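> curious how this folds, go ahead:
(one chain, ligands or ions: 1)
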Amino acid sequence: MLGCPLKWTLQYAAHLRDAEILSLPDMNRLIGTVLHHVIHQLFTESLRWTPEEGSVRTIELFDEWIVQMGAPLLEPRNRLLKERTREQLRRTMRMLFATLRDCSLSVDQTEVEVEKAWIAGHKVRGRLDITGTTASGAPMVLDFKWATFSKKYRERLEKLSVQLSLYQWLLAKDPSQELPIGYFMLRTGEFMVSAHPDIPERYHVPGGFSLEDAMRAIESLYVSRMNALNTGEVTATGVLLGEQPVSGVPVDPPCHFCSYQTLCGLNREVSV
Ligand code: SF4
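Predicted coordinates for the structure are as follows:
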């Protein structure tokens, strides 16, 4: 609902769940999905990897998972892309394990499903890429991104990351508890975290909303979206608004992981 009211309406109101067959495969989306499975399996096998062992196992798992769910990557025309991805992963996963050690962060779980009651009887449900614990015992949430550019995510942390704020709220005991939240960029190995005393300053992204302010802004966006829906207005945010913030709250439409791209017209060229 927050990311794209049209996606929410098609999925939960119209129950249109089989649109995958209408979408053309998108390589970035495919690689991102494969990597989430790879990382989940990696940390299921062990929560403690040395940089070298962890990166070697990542590549083995990547090769296994693309056979299972990334068949287009095995086509001869995608050979270079597959090899480039393997090399990027080998390098960045080594960086991930070195960074976790540098920050004294221990990983607890991956793909964690969390649910909490929110406003007006609604629940917030999240699937957290990775949760961990800092040296002082504070819970932490990290999100992995397979994006070419990190600028957008840095800006989210500087202002308001709706996704990470909701994850933080799901993990926090109460809204006054400020927990470290951040992104790890799987293409570049960049690690960006909200300013928190448990994390070395070199990884900090200054700015950002407090959790209480973030939740107030998100609630206001949610209420405005619900009011629009009640008047029959359904917006495809990825098509109409692009990068434009709605109600002052920057939200990423979840287009990369959306099955309705063909229906809403994303990336469709328009002649005028
Ligand atoms: S592709 Fe993007 S804009 Fe289109 S319905 Fe999905 S999330 Fe909304």
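
> contact partners for the residue in the stretch 1-150 of the chain that the ligand sits nearest to?
Using Cβ to the nearest ligand atom, Cys4 is the residue of the stretch 1-150 of the chain that sits closest to the ligand, at 3.3 Å. Glycine gets a C-beta too; all of them are placed from N, C-alpha and C. Counting by Cβ atoms under 8 Å, 6 or more residues apart in numbering, Cys4 touches Thr235, Ala236, Thr237, Gly238, Pro253, Pro254, Cys255, Cys258.

> how about the helix or strand hosting the fourth one and the ligand, touching?
Spelled out, it's Gly238. Following DSSP states H and E, one finds Gly238 within helix 237-240. Yes - counting by Cβ under 6 Å from any ligand atom, contacts between helix 237-240 and the ligand involve Thr237, Gly238, Val239.

> just to revisit the earlier point, buried only: go through the contacts of Cys4 for me.
Neighbour-count burial (16 or more other Cβ atoms under 10 Å) is assigned, among the contacts of Cys4, to Thr235, Ala236, Thr237, Gly238, Pro253, Cys255, Cys258.

> didn't the fourth one look like it was pressed against Cys255?
Right, the one you point to is Gly238. Yes - Gly238 is within contact range of Cys255, at 4.1 Å (criterion: Cβ atoms under 8 Å).

> now do the shared contacts for the two.
Residues within reach of Gly238 and of Cys255 at once, by Cβ under 8 Å, 6+ apart, are Cys4, Leu266.

> checking Glu233 next. Helix, strand or coil?
Three-state call for Glu233 (DSSP: H, G, I helix; E, B strand; the rest coil): coil.

> what confidence value was assigned to the residue of the stretch 1-150 of the chain closest to the ligand?
According to the prediction, Cys4 has pLDDT 87.

> so who does Ser55 touch?
Contacts of Ser55 by Cβ under 8 Å, 6+ apart are Leu89, Arg90, Arg91, Met93, Arg94, Phe97.

> find the nearest non-adjacent residue to the third one, please.
So the one you mean is Arg91. The shortest distance from Arg91 to any non-neighbouring residue, by Cβ to Cβ, 6 or more residues apart in numbering, is to Gly189 (6.6 Å).

> who in the stretch 151-272 of the chain is up against the ligand?
Taking Cβ under 6 Å from any ligand atom as the test, the list of the stretch 151-272 of the chain residues beside the ligand reads Ala236, Thr237, Gly238, Val239, Pro253, Pro254, Cys255, Cys258, Tyr260, Gln261, Cys264, Leu266.
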